[in-house]
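Colleague: Sequence and predicted model, in that order:
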Amino acid sequence: MAGAPVPAALGVAAARVGERVRTARTRRLEPDTPLDWSNPATEALVVPTSDGVDLHVEIDAPAAAARGRRHLAGRTPTAVLVHGFALTMQSWVLQRRELVAQGYRVVSYDQRGHGRSGRPDLASCTVDRLGRDLAQVLEATCPSGPVVLFGHSMGGMSVMKFCAQNPELVRERVLAVALVSTSPGGHEVTELGLGRLVGRIVGTVGPGVLTRLSRHAGPIGLVRRMGKGVQDVVVARWAFGSPVSPATVDLVAEMIFGTSFDVMAAFLPDIDALDLVPGLRPLLGVETLVMNGARDLITPASHSEEIVRHVPGAEHVVVEEAGHIIMLEHPELVSQQLLMLVQRAQRGVAEGVPAGSKPRVRARVQDISKRRRSARRRRGAAS
């Protein structure tokens, strides 16, 4: 009991430092953010997997007017969005809205152990299993017709593994694939942008540490709330490469810290040992977009280059001033790239041009609209 005042004092100090950091950062951050992050689904359902995990799935159906616009382009594919490690389907919320507005049916789901999906046996926390989960989501929500698959980070790994597991289905039904801020595997993914030496130490001891932390989630949550400003700076550093709103940082933090520590721990060794390159062959005939941020600390451009090297015809788009969670940092640009991908794929089918026969396109793009908004705000603040 004699030592109790010390942790309490440290907690108060952390709270004060955190609040100062948060206040200072808020002055620099972009206030440009949606009024709310909700996206009421047309339909919500539970898809049970073959090993007994209930996956929370949501379907967004476009209005009749939007469907009519899409009908002109031929048979409209269903867009399936797969989120990344320690995130949820909420990370795709802005793309869901835009895709539905453009007339596409959209399927999103929380991967096992994440968000509102069921808690799995920790031994089943593998990318191989995530690929099979995606197959079961497709079977339950769009058993026929063309689909486009959009995967971010670990969700991109899920998509690549699904393609390797189901080459015939990919050939028959997958119109296009977007692999956003992802990697075909390797040690660098679990280095978490900390550098090779420190990152390898974290990657090695991290799973055990996270598992132990999971037994003390209550106290950790309390410390997290007391030091929220510090937490926000850390989240923003690893998630983004440019200023974003405090609400956006909060959204990402809630997803990350809402994920069970032991589920995170269980996935890390599998990701560390992953090699998805041999399974990329089914993508050779599929219109493919590989996209990442120039300031991504988790999966830098070299990871995307490895995918592009094995998928002739894939477009590689690097976004300047962008970090890992690029869909929330530059939502309009990402949505535009996804829509352009689907349109290219539809045009290729209509014209009979195989995706693999097209020249590779590499582009570095910049979110000009965001830069202009930032400049206007800075001028307004100065005046």
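Modeller: Looks like it came in fine.

Colleague: Any stretches of the stretch 51-200 of the chain with poor pLDDT?
Modeller: 65-74, 186-200 (pLDDT under 70).

Colleague: Can you tell me the closest non-neighbouring residue to Leu276?
Modeller: Distances taken as Cβ to Cβ, 6 or more residues apart in numbering put Pro184 closest to Leu276, at 4.1 Å, once the chain neighbours are dropped. Quick note: C-beta positions are derived from backbone N, CA and C, even for glycine.

Colleague: Can you list the residue ranges for strands in the stretch 151-300 of the chain?
Modeller: With DSSP state E, counting those that start in this stretch as the criterion, the stretch 151-300 of the chain has strands at 174-180, 287-293.

Colleague: Compile those strands into JSON lines and extend it with columns for mean neighbour count and distance to Cys142.
Modeller: Converted to JSON lines, these look like this (neighbours: other Cβ atoms under 10 Å; distance: least, Cβ to Cβ, whole Å):
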{"stretch": "strand 174-180", "mean neighbour count": "28", "distance to Cys142": "11"}
{"stretch": "strand 287-293", "mean neighbour count": "27", "distance to Cys142": "18"}
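
Colleague: count of residues packed around Ala64?
Modeller: 8 (other Cβ atoms under 10 Å).

Colleague: actually Arg360, sorry about that
Modeller: Neighbours of Arg360 (other Cβ under 10 Å): 12.

Colleague: how near is it to Glu315?
Modeller: 7 Å (Cβ to Cβ, to the nearest Å).

Colleague: now Asp367
Modeller: Asp367 is 18 Å from Glu315, by Cβ to Cβ.

Colleague: Same question for Met160.
Modeller: In terms of Cβ to Cβ, Met160 sits 16 Å off from Glu315.

Colleague: Which one of these two is surrounded by more residues?
Modeller: Ranked by neighbour count (other Cβ under 10 Å), Met160 and Glu315 place Met160 first, with 29 against 23.

Colleague: thought the more buried one was touching Ala178?
Modeller: No: the criterion here is Cβ atoms under 8 Å, and Met160 misses it with Ala178 at 11.6 Å.

Colleague: Next, show the common contact partners of these two.
Modeller: Residues touching both Met160 and Ala178 comprise Gly151, with contact defined as Cβ atoms under 8 Å, 6 or more residues apart in numbering.

Colleague: ok now stretch 94-104, how far from the chain's centre?
Modeller: 17 Å (Cα atoms, centre = their mean, to the nearest Å).

Colleague: Same question for stretch 328-342.
Modeller: 13 Å.

Colleague: could you point out which element follows the helix or strand harbouring Leu45?
Modeller: Assigned by DSSP states H and E, Leu45 belongs to strand 43-48. Going down the chain from strand 43-48, the next helix or strand is strand 54-60, by DSSP H and E.

Colleague: by contact count, what packs against that next one?
Modeller: With contacts defined as 3 or more Cβ pairs under 8 Å, 6 or more residues apart in numbering; DSSP states H and E, strand 54-60 has these neighbours: strand 43-48, helix 93-101, strand 105-109, helix 127-141.

Colleague: All good on my end, thank you.
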